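Asker: show me how the following folds:
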Amino acid sequence: MQLALRAAAEVLPLAEGAVLTGPSGWSLGEKGDSRGREVKALLAVLRGIHSELVPTERVLWELMGKREKNFDGSVSKKEVLDALEDLLGFHEEDARASPGELEELDRLRRQCQQRSVDNLFGSGRRQVVAFADVLRWWWDMPEEYREAAGLAVPASVLRQRMRRQPEEMFRTALRRVAAEPAFARQALRGHVRAFAELRALAVRRSIESFSIRSTAESRTTTSDAGDVSHGLRQSRLIRLKAGLRSRGIRC
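Answerer: You can find the predicted model right below:
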């Protein structure tokens with residue numbers, strides 16, 4: 001909590017220096033207008049978050065943000081699952097696979113994603129999670145697990161979206177922000193908090209890089225991956241991805 005509070009103090013100066021610009025199709029209001037100031041501050045915070053993230057994280061941020069009903073930097077379980085559904089749609093499967101194999105892979109991937117998301121939300125104990133929690137959950141998965149479960153971001157998507165800025169990523173939400181003062185205030189408060197949490201997460205990552213990840217955390221993640229891996233081996237879906245032949249399926 002203290003890390004997040006200190007990080008939040010760094011956000012406000014960014015808002016003061018932001019430029020009143022936006023994508024075509026929506027207006028930020030006149031200079032001095034309170035609504036314009038709120039949108040200006042929100043854009044500054046969004047750009048700050050954007051600068052904190054690596055390209056893979058930006059894709060996840062965009063997918064989650066587009067599914068957020070409240071556009072406040074936190075997501076519900078349904079919103080996460082919907083965003084993962086969008087991510088799954090970017091994956092190209094082996095054309096040599098039979099329809100039955102593709103159907104089985106899709107079923108197992110959805111099962112794996114549901115189980116992972118249930119863990120993220122504490123098996124129903126949490127109604128929403130912060131985007132920083134999503135990132136930590138995503139990076140803590142073994143790479144093989146993410147790839148086999150359809151949770152990895154394809155390289156083609158990274159290339160297409162590498163230069164996208166928040167104004168383009170969240171155009172629809174920002175139009176609403178510009179039109180509805182209450183929604184703008186909610187979005188600003190939520191994203192200031194999200195920015196602070198990302199800063200705090202960066203500090204925690206630096207600290208954790210000097211220590212060994214806990215045995216319990218490792219056991220939880222690999223256990224989830226191993227259950228579905230058995231099903232994949234049984235159904236011969238290992239043929240769908242050449243890279244998984246040598247590594248073994250983790251999802």
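Asker: what distance do you get for Ala196 to Ala130?
Answerer: Using CB to CB, to the nearest Å, Ala196 is found at 10 Å from Ala130. C-beta: built from backbone N, CA, C; applies to glycine.
Asker: and Val75, which of the three is it?
Answerer: The local conformation at Val75, judged by DSSP: H, G, I helix; E, B strand; the rest coil, is strand.
Asker: now it, nearest residue through space, not along the chain?
Answerer: Excluding the flanking residues, the one nearest Val75 by CB to CB, 6 or more residues apart in numbering is Met64, at 5.3 Å.
Asker: tally of neighbours for the one you found?
Answerer: 22 (other CB atoms under 10 Å).
Asker: and what of Asp106?
Answerer: 14.
Asker: list the buried ones in the helix or strand where it lies?
Answerer: Per DSSP states H and E, Asp106 falls inside helix 99-120. The neighbour-count check on helix 99-120 (16 or more other CB atoms under 10 Å) flags Glu101, Glu104, Leu105, Leu108, Arg109, Arg110, Cys112, Gln113, Arg115, Ser116, Val117, Leu120 as buried.
Asker: now stretch 75-87
Answerer: Buried, per 16+ other CB under 10 Å, within stretch 75-87: Val75, Ser76, Lys77, Glu79, Val80, Asp82, Ala83, Leu84, Leu87.
Asker: quote the end-to-end distance of stretch 137-152.
Answerer: 13 Å (CA to CA, to the nearest Å).
Asker: what packs against the helix holding Asp106?
Answerer: helix 77-88, helix 131-139, helix 143-148, helix 215-234 (3 or more CB pairs under 8 Å, 6 or more residues apart in numbering; DSSP states H and E).
Asker: who are the packing partners of the second one?
Answerer: Going back to what we said before, that points to helix 131-139. helix 55-67, strand 74-76, helix 99-120, helix 181-208.
Asker: rerun at 6 Å
Answerer: Counting contacts by 3 or more CB pairs under 6 Å, 6 or more residues apart in numbering; DSSP states H and E, helix 131-139 packs against helix 181-208.
Asker: could you give the mean pLDDT of the helix it packs on?
Answerer: Taken as a whole, helix 181-208 carries a mean pLDDT of 90.
Asker: helix 131-139 and that one, what's the angle between them?
Answerer: Interaxial angle of helix 181-208 relative to helix 131-139 (axes from the mean of the first three to the mean of the last three CA atoms, to 10 degrees): 40 degrees.
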